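Novice: Got a predicted structure here, sequence first:
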Amino acid sequence: MTSAGRFAPSPSGELHVGNLRTAILAWLFARSTGRQFLMRVEDLDRARAGAEAEQLRDLAAIGVTWDGGVVRQTEREPLYAEAISRLAAAGMTYECFCTRREIQEAPSAPHAPQGAYPGTCRNIDPAELEFKRTIRPAAIRLRAAVRDWTVEDQLHGTYTGMVDDFVLRRNDGVTAYNLAVVVDDAAQGVDQVVRGDDLLPSTPRQAYLASLLHVPVPEYAHVPLVVNSDGARLAKRDGAVTLADLAFAGLDAGHVRDVILESLGLPAGPLEKALAVFDPAGLPRDPWVWPGAAGVGA
Ligand code: GLU
């Protein structure tokens, strides 16, 4: 099995400079450790027609190359189903009929961390289960045997976070991100996960799930996000933030790549130049405030 890093965009729209910066970092982490670099399109949810092609084109334009073909999650359903059946056979799943609103309104279980599923459907008796099945389709939740889990992160150190009875398959039949990501990383030989640090809080759930599925837990590096001048995560509404917008403002892809590299304290030019001096220990630990198109020379 290969040793690999990956970038795993959700094709919900065009990538912005924050996503591109994370992709460059994931590429540098993988290449600098002699790993392959894989591209996985996380299209189970929120996919917009045409977005995948735009994203792949933009990644290639800034020099992010990948090994092998693109893997799409919508083509991997049997793998997810197999993992869920293994968990079910081990008694580690249950059906949940709660609506979002019922979850919000349910009293939280004693000592449960904020945002944890309150456990409403964890122990429904068989008669009630039969009845609920006639009302609406069930989601499948993990029957977690722990309340938290600890992971090691290359940039954040030891991190402990909540594990609750999170959803494995939604009630519309769509496999949940937390299950798919663990199954795919394991199946693809991904042993290094580099992604935005907004996903750090989900990581203990994923590492716990990996342990239940008896697959290796990858190395993690959660990298700082790019934020707007208000400190909020960069979004499309923050002006010219995609390669297409920035090209319109007069900045080509090479210039955007250089601005991103500079924000990381790395030399401008083809990514290979940055690779030659890349050292994770020297990376900035704070979010990068996007200076706006004018601020980067447009
Ligand atoms: N598809 C997720 C996103 O675009 C990334 C998931 C991951 O890297 O684990 O936010």
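Specialist: Thanks, I have the structure now.
Novice: can you pull the buried residues of stretch 3-20?
Specialist: Within stretch 3-20, the residues that count as buried by 16 or more other Cβ atoms under 10 Å are 4-11, 13-20. All C-beta spots, glycine's among them, are computed from the backbone N, C-alpha and C.
Novice: Please apply the same query to stretch 122-142.
Specialist: 124, 132, 138, 139, 140, 141, 142.
Novice: now swap in stretch 201-209 and tell me
Specialist: Here stretch 201-209 shows 202, 203, 204, 205, 206, 207, 208, 209 as buried, counting by 16+ other Cβ under 10 Å.
Novice: on contacts alone, who are the packing partners of whichever helix in the chain runs longest?
Specialist: Longest helix in the chain, counting residues (DSSP state H): helix 17-32. Counting contacts by 3 or more Cβ pairs under 8 Å, 6 or more residues apart in numbering; DSSP states H and E, helix 17-32 packs against strand 4-7, strand 36-41, helix 51-61, strand 192-196, strand 219-223, strand 226-227, helix 253-263, helix 271-277.
Novice: Mind doing that once more with 6 Å?
Specialist: Other elements packing on helix 17-32 under the criterion 3 or more Cβ pairs under 6 Å, 6 or more residues apart in numbering; DSSP states H and E are strand 4-7, strand 192-196, strand 219-223, strand 226-227, helix 271-277.
Novice: Could you list the buried residues of that helix?
Specialist: Within helix 17-32, the residues scored as buried using 16+ other Cβ under 10 Å are 17-32.
Novice: Now do the residue of the chain most remote from its centre against the ligand, distance only.
Specialist: The C-alpha centroid of the chain is most remote from residue 127, which lies 38.3 Å away (Cα atoms, centre = their mean). Distance, residue 127 to the ligand, using Cβ to the nearest ligand atom, to the nearest Å: 40 Å.
Novice: Secondary structure element holding that residue?
Specialist: Taking DSSP states H and E as the definition, residue 127 sits inside helix 126-135.
Novice: So which of the buried residues of stretch 201-209 is the closest to residue 275?
Specialist: Nearest to residue 275 among these, counting by Cβ to Cβ, is residue 203 at 25.7 Å.
Novice: For my notes, confirm that closest one occurs in a strand.
Specialist: No. With DSSP: H, G, I helix; E, B strand; the rest coil as the criterion, residue 203 is helix rather than part of a strand.
Novice: Please renumber the chain so that the first residue is 18 from this point on.
Specialist: Sure, I'll start numbering at 18, so the last one becomes residue 220.
Novice: Spatially nearest residue to it (excluding sequence neighbours)?
Specialist: The spatial neighbour of residue 220 that comes closest, neighbours along the chain excluded (Cβ to Cβ, 6 or more residues apart in numbering), is residue 168 at 5.1 Å.
Novice: before we move on, which element is that neighbour in?
Specialist: strand 165-170.
Novice: Buried ones in that strand, by neighbour count?
Specialist: Buried residues in strand 165-170, defined by neighbour count with 16+ other Cβ under 10 Å: 166, 168, 170.
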